[in-house]
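Engineer: next come a sequence and a model predicted from it.
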There are 2 protein chains.
Amino acid sequence: MTVKNAFYAQSGGVTAVINASASGVIETARQHPDKIGTVYAGRNGIIGALTEELIDTSKESADDIAALRHTPSGGFGSCRFKLKSLEDNKREYERLIDVFKAHNIGYFFYNGGGDSADTCHKVSQLSEKMGFPIQAIHVPKTVDNDLPITDNCPGFGSVAKYIAVSALEASFDVRSMAKTSTKIFVLEVMGRHAGWIAAAGGLIEDQNIPVVILFPEIEFNQDKFTAKVDEKVKEYGYCTIVVSEGTHYPDGRFLAEQGTRDSFGHAQLGGAAPVVANIIKDALGYKFHWAVADYLQRAARHLSSKSDVEQAYALGKAGVEFAVAGDNAIMPTVDRISDSPYEWKIGKANLADVANVEKMMPMDFITEDGFGITDKCKAYLLPLIDGEDYPPYKNGLPDYVVLKNESIEKKLPEFEI
Amino acid sequence: MTVKNAFYAQSGGVTAVINASASGVIETARQHPDKIGTVYAGRNGIIGALTEELIDTSKESADDIAALRHTPSGGFGSCRFKLKSLEDNKREYERLIDVFKAHNIGYFFYNGGGDSADTCHKVSQLSEKMGFPIQAIHVPKTVDNDLPITDNCPGFGSVAKYIAVSALEASFDVRSMAKTSTKIFVLEVMGRHAGWIAAAGGLIEDQNIPVVILFPEIEFNQDKFTAKVDEKVKEYGYCTIVVSEGTHYPDGRFLAEQGTRDSFGHAQLGGAAPVVANIIKDALGYKFHWAVADYLQRAARHLSSKSDVEQAYALGKAGVEFAVAGDNAIMPTVDRISDSPYEWKIGKANLADVANVEKMMPMDFITEDGFGITDKCKAYLLPLIDGEDYPPYKNGLPDYVVLKNESIEKKLPEFEI
């Protein structure tokens, strides 16, 4: 087997641990110099492949590549860009082949979610459909936790931990204040289609904290919701509400888009949290506070779960090992062996089975009233938030790495995207 | 000196470290059994004194009192309740004296911010004005950092660390996405009158991150603001904005209250962050994300600064030591000796000099353009976010303590507040 170079790219929304997967890919590739030459990273994801902006990761020190493991975000830049099908945009695939040929690239590692799995699958077919030999491996990543087959997706465990810890801390706060002041705390979390992240808020219930969760899977019913919250306040004196950004009315309208307008009549882009808070205020009169975690939740490497970091790294590593062993069109997966103690091993899924399949929350993970999580859900989630893996600090701030990110010289003409 | 009991209460908005001060008060009092009997904590702050709901802290184990040091929120409950002046509401002061007499209380430790310092000052005058001997000591606490004389206020350093770390992590995230997606991240932070918390966002600038800060001290000028943000985006490709909740127009209107209405015409309570995000969108067209940290920032014990925890504990301890030494009407302070290395010692302020004085940001802490912090400000802030002091974890979540909080038997008739 000749030594081919590898292309690696980060895709879609970044996470606290996607760089840990990058570290796993690059460190493992460096251990196989007989099979893999240089790992070129796409600057800003797949766009870097199309524009021939290839970052030479061999210029990065071993220390810096190791430091990616504790650095959130996408160290090489990411993008939101989905390749069309081969039939619809052959030009882009031809360009990919030109770039791969020009730089002797034989491995394609794509680190992303559902859309990226689809792109990766298309690239994996280049051998067969366009006669260009390449091995394409998808390294899973998404805070949404919606990829099939794998037990969970790197990025999710850390968000889940962040949301559970944040909800716990804020609940302690509200409990302190509830006698004369704030009785309701609303936390808005990510998850437009699936309630995995919102579900993590339910993990604090076992500490005797009243939590009401609004899932995108459950149509919003205002009367049932306010009744549930009032019941909790009457019992506990306060209530914490975790609302998924994807919570919507039966007609599909998101709570976050219920047509708020500023004083000039312009439509305002708001969040679901203030809407929920105002619903409670209007219906029950309780004083509230609300927070919108947004990027803070997915970037919070300072609070990543140890199991998430380990799996992110392990999946990057496994991706390279599968490639070296000759695989194509696959995604390494986390296979759960047992909940408690949590045991898992690396598995393998065919990309054909992954692309364009969305894993929703099983309905038996949500309590019958639609506002909480079941014990089965807790058993699933708890191992994923387990353990801490703190980054090093310098002068009070995490010592995250910024790579040199030097591009190699271009060999091809410009390409218009 | 006879052995008198002590009263301790938490007041106003709670913080990540107010319980560390409680731990300092109670542990130190326990070391002086010849001077201090039992520490009774007011259930929900001073209200507990008026209603004779006194928590017997001697029922709490040494381990639990020690665990308060790593537990956010107010372990005994807090309240928003300000005593009127002696002249305006003599009845409440008489009640306090009745309760203190009934339970042989000779020490009053009040753990709070500016309003509480005022209340504590009034209680300290009970000896003189109403012939009831009591020593009143104020233990400083406020995330707003607006108490005078002391170098800083416990609670602030941890919020500052949380905001700096969160802004850093989100900035890394946005930098990854900026090529094809989000270019603007807006983080709303606490601080209605003073920009101390917002200032902490400026600490990440030294990592070559473009930050624009909106302070309550600087009247909002939309054109200057959007021009500044655009300049940053053109230079860096993205920009992080930290907006204080107290940011306002020249006429005093808060950005957060600019009259947003829902589709039914009801006034909506919104945040400053979405308003700022929409201003940018309208003026510059950049894609944005925004977050509102709200209670998450002040409750985030998982990310407290070590110096903050140490000072919170030390001030509680010093309060008791001053009391045992015979002081009245004082507040222990943090006196800064040097910035780097950060050295400090405990000092003492007269409550008469503390009550009703608000410490604003010095204008030479804000850059001339009004959107950043100066080196002088950084030298002040950096020691306050220094060091980490992680809580223990159990099953993936911080192992925060919940006290037994048993009330002692009441001896007096009910009292209507």
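Structural biologist: That came through, no problem. These numbers come from a predicted model, not from an experiment. Residues are numbered from 1 along each chain as shown, chains lettered A, B, ... in the order given.
Engineer: which strands and helices lie in contact with the helix or strand of chain A with the lowest mean pLDDT?
Structural biologist: One helix or strand of chain A scores below all others by mean pLDDT, DSSP states H and E: helix A:126-130, with a mean of 86. Packing partners of helix A:126-130 (3 or more C-beta pairs under 8 Å, 6 or more residues apart in numbering or on different chains; DSSP states H and E): helix A:90-102. From N, CA and C alone the C-beta is placed, and that goes for glycine too.
Engineer: which pLDDT value belongs to the residue of chain A most remote from its centre?
Structural biologist: The centre of chain A is farthest from one residue, residue A:180, which by C-alpha atoms, centre = their mean lies 38.9 Å away. Note on residue A:180: pLDDT of 90.
Engineer: identify the residues contacting the least confident helix or strand of chain A?
Structural biologist: Applying C-beta atoms under 8 Å, 6 or more residues apart in numbering or on different chains, the contact partners of helix A:126-130 are A:86, A:93-94, A:96-97, A:132-134, A:136, A:328.
Engineer: start and end of stretch A:234-253, how far apart?
Structural biologist: 30 Å (C-alpha to C-alpha, to the nearest Å).
Engineer: next one: stretch A:100-120
Structural biologist: 14 Å.
Engineer: got the contact list for residue A:25?
Structural biologist: Applying C-beta under 8 Å, 6+ apart, the residues contacting residue A:25 are A:6, A:8, A:39, A:109, A:111, A:139, A:316-317, A:319-320.
Engineer: distance check, it against chain B.
Structural biologist: 17 Å (C-beta to the nearest C-beta, to the nearest Å).
Engineer: any idea how far that residue lies from residue A:46?
Structural biologist: As judged by C-beta to C-beta, to the nearest Å, residue A:25 and residue A:46 stand 15 Å apart.
Engineer: can I assume residue A:294 is in contact with residue B:289?
Structural biologist: Yes: using C-beta atoms under 8 Å, residue A:294 is in contact with residue B:289, at 5.3 Å.
Engineer: looking at the two, which is more packed in?
Structural biologist: residue A:294 (25 against 21; other C-beta atoms under 10 Å in any protein chain shown).
Engineer: does the closest residue to the more buried one other than its chain neighbours have beta-bridge partners, and which?
Structural biologist: What sits nearest to residue A:294 in space, not counting adjacent residues and going by C-beta to C-beta, 6 or more residues apart in numbering or on different chains, is residue B:291, at 3.8 Å. Per DSSP bridges, the residues bridged to residue B:291 are residue B:187.
Engineer: burial check on residue B:291, number of neighbours?
Structural biologist: 26.
Engineer: quick check: it vs residue A:354, distance?
Structural biologist: 31 Å.
Engineer: so which elements touch the longest helix seen in chain A?
Structural biologist: Using DSSP state H, we find that the single longest helix of chain A is helix A:156-177. Helix A:156-177 sits against strand A:184-189, helix A:196-200, strand A:239-244, strand A:288-292, helix A:295-299, helix A:306-324, helix B:295-299, strand B:397-398, with contacts defined as 3+ C-beta pairs under 8 Å, 6+ apart.
Engineer: the second one near chain B anywhere?
Structural biologist: When you say that, I think you mean helix A:196-200. No: using C-beta under 8 Å from any C-beta of the partner chain, helix A:196-200 stays clear of chain B, coming no nearer than 9.9 Å.
Engineer: helix or strand right after that helix?
Structural biologist: Downstream of helix A:196-200, the first helix or strand assigned by DSSP states H and E is strand A:211-214.
Engineer: so what touches that following strand?
Structural biologist: Contacts for strand A:211-214 (C-beta under 8 Å, 6+ apart): A:167, A:171, A:195, A:198-199, A:201-202, A:204-205, A:220, A:225, A:228-229, A:232, A:239-244, A:247, A:255, A:272, A:276, A:371-373.
Engineer: filter the residues you listed down to the buried ones, ChimeraX style.
Structural biologist: Buried residues among the contacts of strand A:211-214 (16 or more other C-beta atoms under 10 Å in any protein chain shown), as a ChimeraX selection:
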select /A:167,171,195,198,199,201,202,204,205,220,225,228,229,232,239,240,241,242,243,244,247,255,272,276,371,372,373
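Engineer: what residues does residue A:73 make contact with?
Structural biologist: A:14, A:18-19, A:299, B:169, B:172-173, B:175-176.
Engineer: kind regards, and thank you for your time.
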